[in-house]
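Engineer: Build me a structure from this.
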Amino acid sequence: MSSLLSHLLPGGPISGAVPTARAGGRSDPFDSGMWPLHREEYLGGPRDWQQDASVLTLAPSAAEDVAHVPLIVDATGIEGQVRRIVVTIDYSPIPLVLTFHPGRALPLLGFGVKYEIGSALRASVEREDGSWAMGATYVAAMGGGCTAPAAAHARPDWQERLGEIRARLWPDTGRLRVSLRHPMDTGLAPGIAAHHLTELELASGDGETIARLELHEPVEENPALTFLLPAALARQPVTITARDNLGYRFEGRVEAQS
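Structural biologist: A predicted model of the protein is given here:
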């Protein structure tokens, strides 16, 4: 039923068809009242921005599980160097999802988010010259992803496995898959304080930073992240470090799989 009703919510598509948000220009196909506010607060109110078909946001049109909505942001088609990618959800109680600084990695990231209500999900890409390109998609959902307690709290041993990192690196494609056990509590569930990852960094064998993420509460529980590395970096060991808002630090290392 969510896919039938959430299009009536503010910022939703006004017909059964979902707008693509792929055409160029500064008009918002979702007509969202939150988008101008988010541009100002999270992007600094840039004047040089436009919708760009080169920024791909791949997500399901309806959330089967509001605690896990998979998303791929692909800005590899953008001309020039990408400085950062800011992901937001228009009508989430916590709109800012993450900021990705690709650095020496390719500007592509796969991950999952929690959804509270049907809303446009946006990826804003800043180029080195300070201009912004935007891509967006609409996900229909009807509540609960951000306000429900993490499933981890039903397990008596969840604290013992907190911060456990698993990773795999494929040198032939440059794909790096990283998963980290963490409840990613938003602080909106009754009686459960906010407890979430705040940063994650990839470093090469020489200790130099490859890429880094600034993470926020809407990222899914036990996040699984997909990166794409250049061939030279994908053949080297990669160190993964992370930190959460309570000061816990986590570290792991992965080597290329043959």
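Engineer: okay, Phe30: pLDDT?
Structural biologist: Note on Phe30: pLDDT of 88.
Engineer: Give me the neighbour count for it.
Structural biologist: Residues near Phe30, counting by other Cβ atoms under 10 Å, number 23. For the C-beta atoms, the positions are set from N, CA and C on the backbone; glycine is no exception.
Engineer: correct me, but Tyr42 touches Leu98?
Structural biologist: No: with contacts counted by Cβ atoms under 8 Å, Tyr42 stays clear of Leu98, the gap being 10.9 Å.
Engineer: Need the residues touching each of these two.
Structural biologist: Applying Cβ atoms under 8 Å, 6 or more residues apart in numbering, one finds that Tyr42 and Leu98 are jointly contacted by Val86.
Engineer: out of those two, which sits in the busier spot?
Structural biologist: Legend: neighbour count by other Cβ under 10 Å for Tyr42 and Leu98, higher for Leu98 (23 against 17).
Engineer: So the more buried one, which state does it fall into?
Structural biologist: Recorded secondary structure, Leu98: strand (DSSP: H, G, I helix; E, B strand; the rest coil).
Engineer: Give me the below-cutoff pLDDT ranges for the stretch 151-258 of the chain.
Structural biologist: Along the stretch 151-258 of the chain, the model assigns pLDDT under 70 to residues 258.
Engineer: partners of Thr137 in the sheet?
Structural biologist: Beta-bridge partners recorded for Thr137 (DSSP bridges): Leu121.
Engineer: Distance check, the closest residue to Ala224 other than its chain neighbours against Ala136.
Structural biologist: Spatially, and ignoring its direct neighbours in sequence, Ala224 is nearest to Ser179 (4.2 Å; Cβ to Cβ, 6 or more residues apart in numbering). From Ser179 across to Ala136, the span is 26 Å (Cβ to Cβ, to the nearest Å).
Engineer: Looking at these two, which is more packed in?
Structural biologist: The neighbour comparison of Ser179 against Ala136 (other Cβ under 10 Å) goes to Ala136, with 24 against 16.
Engineer: circling back: state the three-state secondary structure for the residue nearest to Ala224.
Structural biologist: With three-state DSSP as the basis, the three-state label of Ser179 is strand.
Engineer: Please compute how far stretch 211-224 lies from its chain's middle.
Structural biologist: How far stretch 211-224 lies from its chain's middle: 7 Å, per Cα atoms, centre = their mean, to the nearest Å.
Engineer: Just the CA atoms of it, as PDB, please.
Structural biologist: The C-alpha trace of stretch 211-224 is given here as PDB (Å, rounded to 0.1, in the frame of the first residue of the first chain):
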ATOM      1  CA  ALA A 211      38.900   8.000   0.500                       C
ATOM      2  CA  ARG A 212      36.800   9.000   3.500                       C
ATOM      3  CA  LEU A 213      33.200   9.200   4.600                       C
ATOM      4  CA  GLU A 214      31.400  11.400   7.100                       C
ATOM      5  CA  LEU A 215      28.500   9.200   8.300                       C
ATOM      6  CA  HIS A 216      25.200  10.100  10.000                       C
ATOM      7  CA  GLU A 217      22.300   8.400  11.600                       C
ATOM      8  CA  PRO A 218      20.200   7.500   8.500                       C
ATOM      9  CA  VAL A 219      22.900   5.000   7.300                       C
ATOM     10  CA  GLU A 220      21.500   1.500   7.900                       C
ATOM     11  CA  GLU A 221      22.400  -0.800  10.800                       C
ATOM     12  CA  ASN A 222      25.500  -2.900  10.200                       C
ATOM     13  CA  PRO A 223      26.400  -0.800   7.200                       C
ATOM     14  CA  ALA A 224      27.800  -2.500   4.100                       C
END
